[in-house]
Structures are given as C-alpha cells and as structure tokens.
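*Asks:* Mind looking at a prediction? Sequence and model below.
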Amino acid sequence: MRRIVANAVIWDGANEVRHGDIVVEGDRIAAVTDLGQRSSEPRTEFLDARGKLAIPGLINAHGHAYSSLARGMVVPGYAPTSFAEILEQLWWRLDKALDPASVRASAVVAAMESARCGVTTVIDHHASPSCILGSLDLVRRAFVDDVGLRAAVAYEVSDRDGPDKARLGIEENVRALAEPPDPLHRSAAYFGLHAAFTLSDETLAAAADRLPDSSGVHIHVAEGPEDEALSLAHHGIRVVERLDRFGLLRPTSLLAHGLHLDEVEKDRVAEREAVVIHNPRSNMNNAVGAFDLAGYLRRHVSVGLGTDGLGTNLLAELFTAGLLQKHLQRDPLAAGFDDLRRLLFDNNPEIAMRAFGLRLGRIAPGYAADIALLDYDGPTPIEAGTVLGHLLFGVAVGALRVSDLLVAGRTVLRSGAFVTVDEARELACAREQATALWKRVERGGAR
C-alpha cells in the first residue's frame, strides 16, 4: 500500500524543514516532496496533514513500563531518606507484587501513553521477581502486537531476591535475545542487569558468560551514591572498573544515569564507547544528583535520553534536561539547542538503529516510516534553525497533541484515536489490575 502524508510542515529530524508530502511505501519512506510535486497512483491512501508538524517518531532510550500502575499508589510506611530506601520501600515492593496480568496491563498503558507523546520506539528495562520467565514476552507483545510500537526489552537481573531469581533473570534475557527477528524490525532485546550494587561477582560472571558477543547490557550505573560506595566497600574498586573487568562496557551497552562516576570512570566509558542514558526528571524526583552533560559530551560519549519510567513525554524530558544544566551551571547558554538535539534526535536514533537493525529517526527516503504528526501551527516561522525552539518552547511547555502516529508505515493513531487497541477497555483493565496490585504491595508481595 502506498500512503501519502500530504500538506504537512515536515522536519526531517536533522537540518531541513519543508512544506510538502511524505510518500510511504510499505514500512519505509520512499520520498519527501515539496507541495505541487505529488504523483498519485492507484491504491494510494492520503492522510491530510494540513496545519500539522511532522517529525520523526521519538525514541525512549530507557523506560520502565512496569511502573505504570504505581500512579497514585500510597505505600504504608513510605518515608525514605536515601535513594536506596526509595528502592526498598517503593519500587522493590512494587515489582515483587507484579503478576502476569499486571505486567501486561502496565506495558499496554506505557505503550499507549508513549504513542500519545509521539514515541514510536521504547527501550524498556523490566523487573517482576515473582513472574520472571515469559515476562519479556508479555512486555514485547503489549508494545508491539497490541499497540503497534517498536520495543527492545531486557530483564534486570539482580541478586536482591536470591541466586535462584538471578539465574532465572539470566535465562529470561538469553531467551529474549534468541527470539527470531520480527520481519518489520519492531522488536529487539538487551541483556538486562539491575545495578552493580545488587549484583555479586558470581552473577556478573554468569551474565558475561551468557552474553552474546554482538549484544550489550542495559544497566543502571551510579544512579545513586550507594552504587559507588558499596562497590568500593565490597570490591575495592569503583563501578565502571568492576563492570569493565567482566567485559560489560561495550559500544552496544546502555549505562542508565551515570551521575556519580568520577573523571577516570568517564574516561573509561569514553574509551569503551559505551552509551550513557540521561534521565533528568527521574533524577530530580529521586534527589540523586545532577548529570554532567558537558563532561560526557566533551569526551564524545554518546549520551541518549530516557524517562526512567517517569512518564513518556520525551519532549518535556528534553526541555527539563536543558533547564537542569542551565540551573546547575548558572549559565543561560548551557545545554544549547545543538546539544539537546544531539541527545534526542541524533544519539537516540543511533542507539535504536544498533538494536533494531534499520534506519530510524529521520523523515528521509530509506528510513523507517515512523512518523508523528503534531497538532501545532506555530505563531512564528518554523524553519531549520527554529524548529527545536518550537518543539521545546511551544510543544513541550504547552499542549502536546499527537493527532496521527505511524510505525513501520502502519497507523497507530488516526485523528487522535487508536486504531490498534481499545484504549477505554485497556484503561479499565489497568484500573482493575492496579487495585489488586496495590493490595499485594500492602501485603508485601505476590499472591
């Protein structure tokens, strides 16, 4: 089927804005033409995008779909004084209470909300210690089969629930990595690890032994100060050196956060060409510290952007990333448009292209037909040099309205409504699952 997204203001995701049409053939973009150059052929479907801004589908480089049903949850006795206590009193109680039904409901909610924020690809980091085996299939099917997005999944292996759970987590990652490829390149996998401070040397060695040469790990690194302190106390070395000893620092590895790495560790990350994922709103919410964006970029580290489960709005996340650096450095020129664009529109697509094996993140011929149409008609000219200003100071701080979303050339949202999933029914199901989940959290675990 040939599809034409017509009459749009089109930003290619790099350096060109034009008013014209996007021609989609199958799952790829065939052409981008100026107005008046359209050629109609039999079996052509037209999507009128007049008054809309077309941008490449956004990519979330670090998400936690399993957190979706925590919204509004009141946890008895919740009074953390450190990041470790936030994990112990909230997230590790929640993930332990997840069962297959709530895993699926969480993932469907995360996928639908991602779509409504223009996100077409999510790299997810999952945990459900009471139902490990098969959990990544539930997450993948929710994102890919039910809602229609792309998803790269990983199970966060940890020793916090004992060696048997750690072994099952390793097996779940190995199984997901061995899944046959999706013909439309909509699914992928990483080898998930929680964080160094919840992983023994024995488990890291077992994970490294099972990790394919072509794959990387997806792991939290120095999110809170505990990660470094416990590594020094128990192993006599800092986190990055410890991971490197097991061969886990690779160009295909995703290191989420990286807030408390010292200068030597940042140099090592750069040498190994590992990727660091910045999650500013989560870091601020957890009061764990501020990210050294300039330090990583100065070392030419590939820095991506994620939400860490705190919503799915990547444009708001990007806006916050800029504000945080300006506030931190007391410099209104810190984290300029070039740096911010690099995170979300250069580095995140490069990260996803490695995982999914196709060209993503541009509206250009040969790239995947992952396109978000925003209801946005700017009050000032939208040009190559101004488009990021519109996305941040017009869309991110105003009303983000995604009217239409295409993933692999297939319609996920049409005129603001899902065509792939019954949103009202799924939300009703999620509320039922959340009620049951919260009761299990209060009791301290699964059924």
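*Replies:* That came through fine.

*Asks:* right, and the secondary structure at residue 395 would be what?
*Replies:* Under DSSP: H, G, I helix; E, B strand; the rest coil, residue 395 falls in the helix class.

*Asks:* That one: how many residues sit nearby?
*Replies:* Using other Cβ atoms under 10 Å, residue 395 has 23 neighbouring residues. Where C-beta positions appear, they are placed from N, C-alpha and C, glycine not excepted.

*Asks:* and if you look at residue 123?
*Replies:* Applying other Cβ under 10 Å, we find 28 residues neighbouring residue 123.

*Asks:* so which strand or helix has it?
*Replies:* Secondary structure assignment for residue 123, by DSSP states H and E: strand 119-124.

*Asks:* Which strands and helices lie in contact with that strand?
*Replies:* If you count contacts as 3 or more Cβ pairs under 8 Å, 6 or more residues apart in numbering; DSSP states H and E, strand 119-124 packs onto strand 58-63, helix 100-116, strand 150-153, helix 348-356, strand 402-407.

*Asks:* what pairs with that strand, and is each one parallel or antiparallel?
*Replies:* Strand 119-124 has the following sheet partners, assigned by DSSP bridges: strand 58-63 (parallel), strand 150-153 (parallel).

*Asks:* Name the residues that touch it?
*Replies:* Strand 119-124 is contacted by residues 57-65, 107, 110-111, 114, 139, 143, 149-154, 190, 218, 254, 306, 312, 314, 351-352, 355-356, 360, 370, 372, 405-407, 412 when judged by Cβ atoms under 8 Å, 6 or more residues apart in numbering.

*Asks:* count of neighbours near residue 114?
*Replies:* Residue 114 sits with 30 neighbouring residues when counted by other Cβ under 10 Å.

*Asks:* for residue 370, same thing?
*Replies:* Applying other Cβ under 10 Å, we find 33 residues neighbouring residue 370.

*Asks:* tell me the pLDDT at it?
*Replies:* pLDDT, residue 370: 98.

*Asks:* Relative to residue 291, how far out is it?
*Replies:* 27 Å (Cβ to Cβ, to the nearest Å).

*Asks:* What of residue 334?
*Replies:* Residue 334 is 12 Å from residue 291, by Cβ to Cβ.

*Asks:* all strands of the stretch 251-400 of the chain, in order?
*Replies:* All strands of the stretch 251-400 of the chain, identified by DSSP state E, counting those that start in this stretch, fall at 254-257, 275-278, 303-305, 371-375.

*Asks:* need these in JSON lines with mean neighbour count and distance to residue 442, can you?
*Replies:* Listed next are the strands of the stretch 251-400 of the chain as JSON lines, based on neighbours: other Cβ atoms under 10 Å; distance: least, Cβ to Cβ, whole Å:
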{"stretch": "strand 254-257", "mean neighbour count": "28", "distance to residue 442": "29"}
{"stretch": "strand 275-278", "mean neighbour count": "28", "distance to residue 442": "32"}
{"stretch": "strand 303-305", "mean neighbour count": "26", "distance to residue 442": "34"}
{"stretch": "strand 371-375", "mean neighbour count": "24", "distance to residue 442": "39"}
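
*Asks:* Arrange those strands in JSON lines, one row each, with distance to residue 177 as further columns.
*Replies:* What follows is the strands of the stretch 251-400 of the chain, written out as JSON lines (distance: least, Cβ to Cβ, whole Å):
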{"stretch": "strand 254-257", "distance to residue 177": "14"}
{"stretch": "strand 275-278", "distance to residue 177": "18"}
{"stretch": "strand 303-305", "distance to residue 177": "20"}
{"stretch": "strand 371-375", "distance to residue 177": "29"}
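
*Asks:* what about the strands in the stretch 1-150 of the chain?
*Replies:* With strands called from DSSP E, counting those that start in this stretch, the stretch 1-150 of the chain shows them at 2-11, 17-25, 28-34, 44-48, 52-56, 58-63, 119-124, 150-153.

*Asks:* wait, which of those is closest to residue 401?
*Replies:* strand 52-56 (9.5 Å; Cβ to Cβ).

*Asks:* Could you list the residues in contact with that closest one?
*Replies:* The contact list for strand 52-56, computed with Cβ under 8 Å, 6+ apart, reads 5, 8-13, 22, 118, 345, 349, 360-363, 367, 370-378, 382, 390-391, 403-404.

*Asks:* pLDDT-wise, which helix or strand of the chain ranks last?
*Replies:* strand 44-48 (a mean of 91; mean pLDDT, DSSP states H and E).
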